[in-house]
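A.B. asks: sequence and predicted model, in that order:
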Amino acid sequence: MTIDKYIKLTSMVLGRKETINVFGNKVNFNIKEGTPTGKKLKFSGLGFKNYKSALRGDLYLKLYPLLPTKLTSKQKKLFENLKALE
């Protein structure tokens, strides 16, 4: 089972701890600094139950940055400053 998870852009760039609820269970995970778009994280035994046994499959989280749709003037200036550093 794969879940697309949208994470704040700053979290993907700087890293942070996150939590997601899956089938009533809280799953904690770390996002490493500089995580690329589309990065897959694997959680063994947290996916769907196998219909032939009580075992669960694997859960995959696919990470994507949550980009702002509207920027304040301060945010725009910060992004322009970052662009100038490239």
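C.D. replies: Sure, I can see it.
A.B. asks: in this structure, what residue sits furthest out from the centroid?
C.D. replies: Relative to the centre of the chain, the most outlying C-alpha is that of K52, 31.1 Å out, by C-alpha atoms, centre = their mean.
A.B. asks: so what pLDDT did that residue get?
C.D. replies: Looking at K52, its pLDDT is 84.
A.B. asks: so it belongs to a helix, correct?
C.D. replies: No. Membership of K52 in a helix is not supported by DSSP: H, G, I helix; E, B strand; the rest coil, which gives coil.
A.B. asks: residues contacting it?
C.D. replies: By C-beta atoms under 8 Å, 6 or more residues apart in numbering, the contact set of K52 is empty. Yep, even glycine has a C-beta here, placed from its N, CA and C like the rest.
A.B. asks: could you check how far it is from K77?
C.D. replies: In this view, K52 and K77 are 58 Å apart by C-beta to C-beta, to the nearest Å.
A.B. asks: ok, T69 next?
C.D. replies: Counting by C-beta to C-beta, the gap from T69 to K77 is 18 Å.
A.B. asks: then L63?
C.D. replies: In terms of C-beta to C-beta, L63 sits 27 Å off from K77.
A.B. asks: compare these two (neighbour count), which wins?
C.D. replies: Ranked by neighbour count (other C-beta atoms under 10 Å), L63 and K77 place L63 first, with 20 against 11.
A.B. asks: which residue is nearest the centroid of the protein?
C.D. replies: L63 (3.7 Å).
A.B. asks: if we ignore the residues flanking it in sequence, what's nearest that residue?
C.D. replies: Spatially, and ignoring its direct neighbours in sequence, L63 is nearest to K39 (4.7 Å; C-beta to C-beta, 6 or more residues apart in numbering).
A.B. asks: ok, which stretches of the chain are helices?
C.D. replies: 9-14, 73-85 (DSSP state H).
A.B. asks: now for I31: which residues touch it?
C.D. replies: Applying C-beta under 8 Å, 6+ apart, the residues contacting I31 are I7, S11, M12, G15, R16, K17, E18, L63.
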